[in-house]
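J.: one predicted model, sequence on top.
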Amino acid sequence: MNTFIIVSLIALSLTAIALQIKNDKRFVNFFGVLVFAGIVQVLASSFDPDSAFLIYSLVGLVSANFIASQVKFLQKDYVRVIVPLITVVGFLILFQGKTVNFLGADYISVNKFLVVGAILAVLGFEIGVLKLKLLKKFFDESDHEDLLTGLLLFFTGISLFLGSLASSSFGIIVVAASFLSASFYNKGLTLRILVSMLIIATLPYLLSLIEGESAVMIDGDVIGGLFIGAFGMYFTQKLWLSKKRSALAIGLSYTLVMGVSFGFLWAGTVFYKMGGIDAMLGVFVGIALINAVLGRAYVGSSLFTLLLVGATIIPGYMVNEEQQEFENQVMLTAEGGVDKEGNVIAPPEALSLLDITGDYILLSDSSTVKFELGEEGKNKGAFKIVMGSVRISDDPTASSLTITLPMKHFTTFSSMRDESLRGDEYFNVKKYPTMKFEAAGFMPKSENTYELDGDFTMLGVTKKTKVTLQRIDLEGQMVLIGSGTINRTEFGMTPDASEGNIVTFNYQVVLQ
């Protein structure tokens with residue numbers, strides 16, 4: 001996100017706050033155009049240049065309807081849907097058959113689901129009014145506005161579902177543009193719903209800011225984020241509406257919501273289950289839900305745009321340089337590897353052990369063991385120093401390998417977490433300063449590939465562990481590589497499905 005967009009979003013937030021202070025609703029529609037254009041500008045970077053033209057065209061569609069809506073005649077019942085319906089359908093016809101590339105994936109710009117979703121977004125208010133006439137006899141007159149809001153939310157939900165079904169965020173933006181275009185004519189309480197729609201549209205973009213991230217709604221950090229966002233929106237809204245409204249209290253509320261939300265975002269660098277960008281998405285969803293139901297014209301806009309700026313900027317500072325530097329080191333496995341530029345390296349050629357018979361020690365500073373566990377291997381760590389020795393005999397079954405892993409060189413790339421893991425509750429480093437693997441006999445598995453059925457000792461417990469072994473040449477050095485798995489609960493550690501119980505490890509040790 002460039003500086004101009006950041007400044008624009010902050011300006012939008014401050015404008016929303018100023019308008020809310022004055023409770024000035026004269027500019028609601030115009031402000032809706034500005035918010036829509038601002039979010040389009042944010043999302044444009046996620047589209048390729050050709051696709052970006054389509055999304056910018058939606059700003060033109062919205063602006064044209066805003067201007068046309070100033071004609072009083074076009075705001076009359078049964079007339080007010082004509083212009084937005086014609087312009088939305090015209091947009092869909094004009095761009096049918098186009099391909100939209102969003103976040104590297106191609107979508108058909110106009111499809112039957114999007115067409116129905118966009119038209120329903122235009123007609124949603126009118127259908128809601130008709131439904132209200134049928135249902136109002138079951139409700140008190142004081143409830144009619146809330147009932148209309150509920151009906152509008154229902155049709156909006158269906159529109160968003162249809163729009164995103166085959167077109168992702170582009171479909172949501174088209175539905176939002178259709179919804180906003182129609183709202184200029186019916187004077188519905190729709191800015192809050194528009195903001196909620198735009199929040200949903202930004203979620204894939206936010207998730208893409210950190211490579212390899214995904215969001216699962218039932219994860220604890222995501223659920224926590226959702227309720228934090230809901231609380232933040234509800235609490236801030238109540239402060240704005242209070243008769244004892246205090247600028248200091250409102251300012252503290254914004255600070256609290258942003259502080260907790262960004263703290264949740266940062267917590268993911270300590271442990272991915274504690275927070276991260278997926279938890280931040282939960283915050284946005286919570287804000288969107290409460291804002292759509294209870295929000296006022298400008299409050300949701302002010303909070304959303306400020307959080308969006310932070311959620312976009314902060315991930316750039318969340319890069320764990322230690323982990324990134326370590327992972328950039330080329331480490332080969334039998335399946336190959338990836339170099340620091342991200343290029344795939346073909347599986348290495350396995351060489352014969354018989355060419356290097358003899359006794360060796362491991363070059364500790366150049367040898368590494370990496371491990372991962374948990375969902376999709378998100379829990380990562382390494383031993384930066386690996387000590388040991390190997391004897392390679394003419395008869396591989398008479399060969400042996402010993403690897404010692406000093407716990408003081410163990411890391412999960414988070415000093416706070418490492419300190420906790422070295423404590424008595426986990427690895428008890430004072431009592432168990434090392435882990436160790438010992439194997440006697442290299443059993444041939446395939447050509448130049450061996451399996452070692454050795455003993456792995458951790459926390460004073462020794463278990464049989466199978467490890468593969470190959471010899472490769474790496475920049476003129478004699479290197480042994482291999483992999484294996486252990487179940488950490490077999491060594492006395494407490495089971496934890498969220499942390500991960502099965503540890504997969506790869507080693508690369510240099511002989512000297």
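T.: On my side now, so go ahead. Here the structure is a predicted model, which means the values were calculated and not measured.
J.: can we go C-alpha only for contacts and neighbour counts from here?
T.: Fine.
J.: where along the stretch 101-250 of the chain do the strands fall?
T.: Taking DSSP state E, counting those that start in this stretch to define them, one finds strands in the stretch 101-250 of the chain at 105-108.
J.: what residue ranges in it score low on pLDDT?
T.: For the stretch 101-250 of the chain, residues meeting the criterion pLDDT under 70 lie at 141-143, 187-189, 211-213.
J.: what does the stretch 401-512 of the chain give?
T.: Where the stretch 401-512 of the chain drops into low confidence, which here means pLDDT under 70, it does so at 498.
J.: can you do 90?
T.: 411-426, 446-447, 473-477, 493-501, 512 (pLDDT under 90).
J.: just the helices from it, written as ranges.
T.: Remark: helices of the stretch 401-512 of the chain, listed N- to C-terminal, are 415-421; assignment by DSSP state H, counting those that start in this stretch.
J.: please enumerate the strands of it.
T.: Taking DSSP E, counting those that start in this stretch as the criterion, the stretch 401-512 of the chain contains strands spanning 410-411, 434-440, 443-446, 449-458, 461-474, 477-487, 502-510.
J.: ok, which of those comes nearest residue 347?
T.: Closest approach to residue 347 among the strands of the stretch 401-512 of the chain (Cα to Cα): strand 461-474, 10.2 Å.
J.: before we move on, the earlier item: so can I have JSON lines of the strands of the stretch 401-512 of the chain showing mean neighbour count and distance to residue 124?
T.: Rendered in JSON lines, the data for the strands of the stretch 401-512 of the chain read as follows (neighbours: other Cα atoms under 10 Å; distance: least, Cα to Cα, whole Å):
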{"stretch": "strand 410-411", "mean neighbour count": "20", "distance to residue 124": "55"}
{"stretch": "strand 434-440", "mean neighbour count": "19", "distance to residue 124": "64"}
{"stretch": "strand 443-446", "mean neighbour count": "13", "distance to residue 124": "66"}
{"stretch": "strand 449-458", "mean neighbour count": "20", "distance to residue 124": "63"}
{"stretch": "strand 461-474", "mean neighbour count": "18", "distance to residue 124": "62"}
{"stretch": "strand 477-487", "mean neighbour count": "19", "distance to residue 124": "55"}
{"stretch": "strand 502-510", "mean neighbour count": "21", "distance to residue 124": "51"}
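J.: reformat these as a markdown table; add distance to residue 17.
T.: Formatted as a markdown table, the strands of the stretch 401-512 of the chain follow (distance: least, Cα to Cα, whole Å):
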| stretch | distance to residue 17 |
| --- | --- |
| strand 410-411 | 46 |
| strand 434-440 | 58 |
| strand 443-446 | 69 |
| strand 449-458 | 58 |
| strand 461-474 | 61 |
| strand 477-487 | 54 |
| strand 502-510 | 51 |
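J.: which of the ones you listed sits closest to residue 154?
T.: Across the strands of the stretch 401-512 of the chain, residue 154 has its closest neighbour in strand 502-510 (44.0 Å, Cα to Cα).
J.: what sits up against that closest one?
T.: The contact list for strand 502-510 (Cα atoms under 8 Å, 6 or more residues apart in numbering) reads 331-333, 362-364, 366-374, 386, 477-488.
J.: the same query, at a cut-off of 7 Å, please.
T.: 331, 362-363, 366-373, 477-488 (Cα atoms under 7 Å, 6 or more residues apart in numbering).
J.: about what we covered before: so which of the strands of the stretch 401-512 of the chain comes closest to residue 204?
T.: Going by Cα to Cα, the one of those nearest residue 204 is strand 502-510, 30.0 Å.
J.: tell me which strands that closest one pairs with, and in which orientation.
T.: Here strand 502-510 has these sheet partners by DSSP bridges: strand 368-373 (antiparallel), strand 477-487 (antiparallel).
J.: could you export the ones you listed as TSV, including distance to residue 408?
T.: Supplementary listing: the strands paired with strand 502-510 in TSV, determined by distance: least, Cα to Cα, whole Å:
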stretch	distance to residue 408
strand 368-373	14
strand 477-487	21
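J.: nearest to residue 32, of the ones you listed?
T.: Checked against Cα to Cα, the stretch from the strands paired with strand 502-510 lying closest is strand 368-373, at 46.0 Å.
J.: ok, the residue nearest to residue 509 when sequence neighbours are not counted - contacts?
T.: Setting aside the residues directly before and after it, residue 509 is nearest to residue 367 in space (Cα to Cα, 6 or more residues apart in numbering), at 4.2 Å. Residues touching residue 367, when contacts are defined by Cα under 7 Å, 6+ apart, comprise 385-386, 508-510.
J.: closest to residue 186 out of those residues?
T.: Minimum distance to residue 186 across the contacts of residue 367 is 67.6 Å, recorded for residue 508 (Cα to Cα).
J.: distance check, the nearest residue to residue 486 once chain neighbours are set aside against residue 401.
T.: Taking Cα to Cα, 6+ apart as the measure, residue 486 lies nearest to residue 503, with 5.3 Å between them; neighbours along the chain are not counted. In this structure, residue 503 and residue 401 are 21 Å apart, going by Cα to Cα, to the nearest Å.
J.: again with residue 153
T.: Residue 153 sits 66 Å away from residue 401, taking Cα to Cα as the criterion.
J.: quick revisit: make CSV out of the contacts of residue 367 and add distance to residue 172.
T.: Below are these laid out as CSV (distance: Cα to Cα, whole Å):
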residue, distance to residue 172
385, 50
386, 52
508, 48
509, 51
510, 53
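J.: quick check, nearest of the residues you listed to residue 225?
T.: Closest approach between the contacts of residue 367 and residue 225, by Cα to Cα: residue 385, at 38.0 Å.
J.: for the closest one, what is the enclosing helix or strand?
T.: Remark: residue 385 resides in no helix or strand, with elements defined by DSSP states H and E.
J.: same deal with the one 3 residues further on?
T.: Secondary structure here is read from DSSP H and E; on that basis residue 388 sits in strand 387-392.
J.: for residue 86, same thing?
T.: Using DSSP H and E, the element containing residue 86 is helix 82-94.
J.: in that helix, what's buried?
T.: Along helix 82-94, the positions that meet the burial threshold by neighbour count (16 or more other Cα atoms under 10 Å) are 83-85, 87-88, 91-92.
J.: do stretch 366-374 as well
T.: Buried positions in stretch 366-374, judged by neighbour count with 16+ other Cα under 10 Å: 367-374.
J.: ok, of those, which one's closest to residue 432?
T.: Using Cα to Cα, the shortest approach to residue 432 within those belongs to residue 369, at 18.2 Å.
J.: specify the beta-bridge partners of the closest residue to that closest one other than its chain neighbours.
T.: If you skip the residues right next to it in sequence, residue 369 has residue 507 as its closest partner in space, 4.3 Å away by Cα to Cα, 6+ apart. Beta-bridge pairing for residue 507 (DSSP bridges): residue 369, residue 482.
J.: coming back round to it: nearest to residue 396, of the strands of the stretch 401-512 of the chain?
T.: Using Cα to Cα, the nearest of these to residue 396 is strand 443-446, at 6.9 Å.
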